[in-house]
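1. what follows is a protein structure lacking sequence information:
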């Protein structure tokens, strides 16, 4: 549910931000290049999800708590950090990742578990890494926005 709560509006926001020109052009990976392309993309999606959720959420929240920083400041700081390292993808990706960071931060603060965040992030990344090239093949006019 967490992945759907971020992914469905995120896809709409991605398309909107591409239309108004605030997102970078995403260049998809060719899925048919090698037999191992899709499994490597899925493992790469897991690596990114593990790294981001364990460092930017679990570790960051623990360090901020030990420094005496309150939960709201921690959630907002973590979300802004998450958004900032996605700026290379454009302002739209920054905004989308800040929103994701706010929700993920709230979920982590509420329940204190990183596994649901990792699984949701992994699913989002799989859709991005593997689903986007498929969507581009199936619906090229929807996903290719003129510059």
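-> Good, I have the coordinates. From a predicted model like this one, the values you see are computed outputs, not experimental measurements.
2. pull out the buried positions in stretch 100-117.
-> Buried positions in stretch 100-117, judged by neighbour count with 16 or more other C-beta atoms under 10 Å: 100, 101, 102, 103, 104, 105, 107, 108, 109, 114, 116, 117. Every C-beta, even on glycine, is put in place using the N, C-alpha and C of the backbone.
3. would CSV of the residues you listed with secondary structure be doable?
-> Formatted as CSV, these follow (DSSP: H, G, I helix; E, B strand; the rest coil):
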residue, secondary structure
100, helix
101, helix
102, helix
103, helix
104, helix
105, helix
107, helix
108, helix
109, helix
114, coil
116, helix
117, helix
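4. reformat those residues as JSON lines; add pLDDT.
-> Formatted as JSON lines, the buried residues of stretch 100-117 follow (pLDDT from 0 to 100):
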{"residue": "100", "pLDDT": "94"}
{"residue": "101", "pLDDT": "97"}
{"residue": "102", "pLDDT": "97"}
{"residue": "103", "pLDDT": "96"}
{"residue": "104", "pLDDT": "97"}
{"residue": "105", "pLDDT": "98"}
{"residue": "107", "pLDDT": "97"}
{"residue": "108", "pLDDT": "98"}
{"residue": "109", "pLDDT": "98"}
{"residue": "114", "pLDDT": "97"}
{"residue": "116", "pLDDT": "96"}
{"residue": "117", "pLDDT": "97"}
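5. out of those residues, flag the one nearest to residue 61.
-> residue 108 (6.1 Å; C-beta to C-beta).
6. in space, what's closest to that closest one - neighbours in sequence excluded?
-> Spatially, and ignoring its direct neighbours in sequence, residue 108 is nearest to residue 57 (5.0 Å; C-beta to C-beta, 6 or more residues apart in numbering).
7. isn't that neighbour up against residue 117?
-> Yes. Contact criterion C-beta atoms under 8 Å: residue 57 and residue 117 qualify, at 6.0 Å.
8. buried ones in whichever strand or helix holds residue 137?
-> Per DSSP states H and E: residue 137 is located in helix 132-138. Residues 132, 133 are the ones in helix 132-138 that count as buried (16+ other C-beta under 10 Å).
9. show me how far that helix is from its chain's centre.
-> Chain-centre distance of helix 132-138: 18 Å, with C-alpha atoms, centre = their mean, to the nearest Å.
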